[in-house]
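Chemist: Build the 3D model from these lines:
(one chain, ligands or ions: 2)
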Amino acid sequence: MLEIRRLNQYYGGSHILRSVDLTVPSGELTVLLGRNGVGKTTLLKCLMGVVPVQCGDICWQGQNLQNLAPHKRVAAGLGYVPQGREIFPRLTVEENLLIGAASRRSPRSIPNHIYALFPVLRDMRGRRGGDLSGGQQQQLAIGRALMSEPALLILDEPTEGIQPSIISDIGRTLRRLVREYGMTVLLVEQFYDFAEGLADHYAVLERGAVVAQGAGSAMASDGVRQMIAI
Ligand SMILES: Nc1ncnc2c1ncn2[C@@H]1O[C@H](COP(=O)(O)OP(=O)(O)OP(=O)(O)O)[C@@H](O)[C@H]1O
Ligand SMILES: [Mg+2]
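Modeler: Numbering: from 1, shown residues only. Ligands and ions are numbered 1, 2, ... in the order given. Here you go, the predicted model:
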């Protein structure tokens, strides 16, 4: 499991993450919800080691991650799907996927299960990433993260700006990754219905601190929808 303890982060003089405590149990899906600007992306960037932390612990399967470079965290089993997808628009779909395997020695081809999860990527494997629709690009970003064979998949608002039919596909895929592949998922979301439909556990971030958490099945009775309503 992933354990975050008393994590504090600053951008210059702005205290963004305030003693964040969060546990992400193995083999389950945890949703982190919160309004715009509360620090969700910053927390994920701290997990991946792409922004520095002021103090606190990040422990993954008993290993302290703090001093590991981002690529070593990927090698340790973390996969990251960034907000806004950040695919490479001028590279082909296949090239985008192969970049996701850069931390591994062997694969120079795309494993079948990636195309089985996202058939559209097989159909479009020779097309440029930038020619795909937003939803297809999101699927590509997830496929790219899966290329490193992560044990923990971290996604930052994968439904943002995506058409409803592809949102449903992504939800089904995330459920399969947990149930069939035994993956651990940490999903940052603002789309309440999507989050509630998937969550084994939830946590709510407000002004850089976790203010509520519990079982996914308790989200409605705990009033989580109101907590993130604008
Ligand atoms: N590189 C940066 N330098 C300075 N401040 C930043 C930087 N990135 C983010 N911030 C600020 O940190 C705070 C948290 O931002 P963050 O992107 O983590 O929020 P978020 O919860 O992911 O928001 P959203 O839902 O809009 O994606 C915001 O006030 C934001 O303006
Ligand atoms: Mg964000």
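Chemist: so what's the closest residue to ligand 2 within the chain up against?
Modeler: Going by C-beta to the ion, ligand 2 is nearest to residue 41 of the chain, at 3.1 Å. Heads up, the C-betas are built off the backbone N, CA and C, glycines and all. Neighbouring residues of residue 41 by C-beta atoms under 8 Å, 6 or more residues apart in numbering: 83, 156, 188.
Chemist: and residue 35, that one's in a helix?
Modeler: No: applying DSSP: H, G, I helix; E, B strand; the rest coil, one finds residue 35 to be coil, outside a helix.
Chemist: Number of residues surrounding it?
Modeler: By other C-beta atoms under 10 Å, the residues close to residue 35 number 15.
Chemist: Filter the contacts of residue 41 down to the buried ones.
Modeler: 83, 156, 188 (16 or more other C-beta atoms under 10 Å).
Chemist: My read is that the second one contacts residue 39, right?
Modeler: No: the pair residue 156 and residue 39 fails to qualify as a contact (C-beta atoms under 8 Å) at a distance of 12.0 Å.
Chemist: picking up where we left off before, among the buried ones among the contacts of residue 41, which are within reach of ligand 1?
Modeler: Contacts with ligand 1 within these, as defined by C-beta under 6 Å from any ligand atom: residue 83.
Chemist: picking up where we left off before, looking at the contacts of residue 41, which is nearest residue 27?
Modeler: residue 188 (19.2 Å; C-beta to C-beta).
Chemist: bridging residues for the closest one?
Modeler: residue 32, residue 156 (DSSP bridges).
Chemist: by contact count, what packs against the helix of greatest length in the chain?
Modeler: Counting by DSSP state H, the longest helix found in the chain is helix 164-179. Here helix 164-179 touches strand 29-33, helix 112-117, helix 134-146, strand 152-156, strand 184-189, helix 192-198, going by 3 or more C-beta pairs under 8 Å, 6 or more residues apart in numbering; DSSP states H and E.
Chemist: Buried residues, it. List them.
Modeler: Quick answer for helix 164-179 (16+ other C-beta under 10 Å): 166, 167, 169, 170, 171, 173, 174, 177, 178.
Chemist: go on, stretch 186-204?
Modeler: Applying 16+ other C-beta under 10 Å to stretch 186-204 flags 186-192, 194-196, 198-199, 201-204 as buried.
Chemist: which non-adjacent residue is nearest the most centrally placed residue in the chain?
Modeler: Closest residue to the average C-alpha location of the chain: residue 155 at 1.6 Å, with C-alpha atoms, centre = their mean. Excluding the flanking residues, the one nearest residue 155 by C-beta to C-beta, 6 or more residues apart in numbering is residue 81, at 4.3 Å.
Chemist: Touching, that neighbour and residue 152? I think so.
Modeler: No: between residue 81 and residue 152 there is no contact under C-beta under 8 Å: 11.7 Å.
Chemist: pLDDT weak spots in the chain?
Modeler: Scanning the chain with the threshold set as pLDDT under 70 gives 104-107.
Chemist: So which residues on this protein come close to ligand 1?
Modeler: Checking the chain against ligand 1 by C-beta under 6 Å from any ligand atom, the hits are 11, 16, 34, 36, 37, 38, 39, 40, 41, 42, 83.
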